[in-house]
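Chemist: A structural model of the following input is requested.
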Amino acid sequence: MTDPLIALIAGILIIGFLSYIFWPNFGLSDKLKRWTQDTERVQIEDALKHLYDCEYRNISCTINSIAGNLSINADRAAKLVSRLEALGLLAIQGEVLQLTAQGRSYALRIIRVHRLWERYLADETSTKELDWHDIAEKQEHLFTPEQADKLAAQIGNPVYDPHGDPIPSSKGDLPTKKGKPLNEMLPGEFANIIHIEDEPPAIYSQILAQGLYPGMQIRVLEVSDKRIKFEANGEECVLSPIIAKNITVGIIQLEKQVEGKYKVLSSLKVGEKGTVLGIAKALRGQQRRRLMDLGIVPGTEIEAQLESLNRDPVAYKVRGAVIAIRKQQADRIYLESKESEKG
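Modeler: Now for the predicted structure:
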């Protein structure tokens, strides 16, 4: 004969377990269902972004390219494509996949949030550059169009993200792609960097290690199958063609090239002076505001006064005060040397 107390306890445990599994909105079953739905929605949105990227770059998008981009197998990618077609977001022409007007609009909404978040992280926080993309990847699936508009207004309705990618407007407007890969330039040509691809991270980190950023002017010195050598901010840089391909540049015509060589702050020796021309766009957010608050603005005279070991940092005299500036920042502060001013 079963002990009544044991039967009662067993009954309570069974009821509790069933409640944990099936309780509306809070049970494990509903949580798994929402997780499955969220996962499918994220994959749909990621696929739409990939489709739009292919369209923007004027390259074909296929089931295999979606599988590779989303890191899923071909069977899952095929099912995802069928789902996109059923939702009216995708049209299939043979093996080529094309966005419908509805799919393109949806993709641009996701891209807008992603690039706005990267701009926000670059300008308003101290988040490391290599982390911008991953954070924006998460936020792009959470923000509504209304929240995106509020964020855009908060940061001044920027037109480009920190990598040089254009940010779609709230109406979905986006300029046509311009420029060409750095590895297609010829020796002797001048150009401005207009975009740096932030994927894959391994290549992006190598580009960052060279101190390159959108807006920087470069001059190509040598092009071969093994390397691209160019000058940027007075220093020689060398990249392999596969890395250089991830940098988009706009060729500068001869009449628009900067004449002579401007100096960067880090080039000043102790006792030398220079006049600030500006601060590179690569210095953003809190770092940029700090320098400007210290008086490093166009027209300000600055003098190198004291060097530490390895010249990092160096003490500079600015408007009567002596401040220490790291080399990484000093490399991105442009000066007109006293010699240039006299000339």
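
Chemist: ok, L48 to R83 distance?
Modeler: As for L48, its distance to R83 is 11 Å (criterion: C-beta to C-beta, to the nearest Å). All C-beta atoms are positioned from the backbone trio N, CA, C, and that covers glycine.

Chemist: same question for A315.
Modeler: Distance of A315 to R83, given as C-beta to C-beta: 61 Å.

Chemist: please apply the same query to A321.
Modeler: Taking C-beta to C-beta, one finds A321 at 62 Å from R83.

Chemist: between these two, which has more neighbouring residues?
Modeler: R83 (15 against 9; other C-beta atoms under 10 Å).

Chemist: got any ranges where the stretch 201-343 of the chain has weak pLDDT?
Modeler: Applying pLDDT under 70 to the stretch 201-343 of the chain flags residues 253-262, 337-343.

Chemist: tell me where it has strands.
Modeler: Assigned by DSSP state E, counting those that start in this stretch, the strands in the stretch 201-343 of the chain fall at 217-223, 228-232, 235-239, 247-252, 263-264, 273-279, 301-307, 314-318, 321-325, 333-337.

Chemist: mind putting these into JSON lines with distance to I59?
Modeler: Shown next, in JSON lines, are those (distance: least, C-beta to C-beta, whole Å):
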{"stretch": "strand 217-223", "distance to I59": "24"}
{"stretch": "strand 228-232", "distance to I59": "22"}
{"stretch": "strand 235-239", "distance to I59": "23"}
{"stretch": "strand 247-252", "distance to I59": "15"}
{"stretch": "strand 263-264", "distance to I59": "38"}
{"stretch": "strand 273-279", "distance to I59": "37"}
{"stretch": "strand 301-307", "distance to I59": "47"}
{"stretch": "strand 314-318", "distance to I59": "47"}
{"stretch": "strand 321-325", "distance to I59": "44"}
{"stretch": "strand 333-337", "distance to I59": "37"}
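
Chemist: of all those strands, which one comes closest to I72?
Modeler: With C-beta to C-beta as the criterion, I72 lies closest to strand 247-252 of those, at 28.5 Å.

Chemist: which parts of the closest one are buried?
Modeler: For strand 247-252, the neighbour count (16 or more other C-beta atoms under 10 Å) marks 247-249, 252 as buried.

Chemist: and which of those is nearest to A148?
Modeler: T248 (25.0 Å).

Chemist: in stretch 66-83, what's buried?
Modeler: Counting neighbours by 16+ other C-beta under 10 Å, one finds that the buried residues in stretch 66-83 are 66-67, 69-70, 72, 77, 80-81.

Chemist: sorry, back to before: and of the strands of the stretch 201-343 of the chain, who's closest to A148?
Modeler: So among the strands of the stretch 201-343 of the chain, strand 247-252 is nearest, using C-beta to C-beta, at 25.0 Å.

Chemist: report the strands that pair with the closest one, each with its relative direction.
Modeler: For strand 247-252, the paired strands and their directions (DSSP bridges) read strand 180-181 (antiparallel), strand 190-196 (antiparallel).

Chemist: just those: most buried one?
Modeler: Greatest average neighbour count among these goes to strand 190-196 (a mean of 20), per mean count of other C-beta atoms under 10 Å.

Chemist: so how far is it off the chain centroid?
Modeler: Mean-position distance between strand 190-196 and its chain equals 15 Å (C-alpha atoms, centre = their mean, to the nearest Å).

Chemist: and the angle for that strand with strand 217-223?
Modeler: Relative orientation of strand 190-196 versus strand 217-223 (axes from the mean of the first three to the mean of the last three C-alpha atoms, to 10 degrees): 100 degrees.

Chemist: dump the strands paired with strand 247-252 to a markdown table, plus distance to R326 and mean pLDDT.
Modeler: Supplementary listing: the strands paired with strand 247-252 in a markdown table, determined by distance: least, C-beta to C-beta, whole Å; pLDDT from 0 to 100:
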| stretch | distance to R326 | mean pLDDT |
| --- | --- | --- |
| strand 180-181 | 32 | 93 |
| strand 190-196 | 22 | 90 |
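
Chemist: coming back round to it: out of the strands of the stretch 201-343 of the chain, flag the one nearest R112.
Modeler: Among the strands of the stretch 201-343 of the chain, strand 247-252 sits nearest to R112 (C-beta to C-beta), with 20.1 Å.

Chemist: strands - which of the buried residues of stretch 66-83 land there?
Modeler: Per DSSP state E, strands hold no members of the buried residues of stretch 66-83.

Chemist: tell me the one of the residues you listed nearest T176?
Modeler: Of all these, the one with the least separation from T176 (C-beta to C-beta) is N69, at 22.6 Å.
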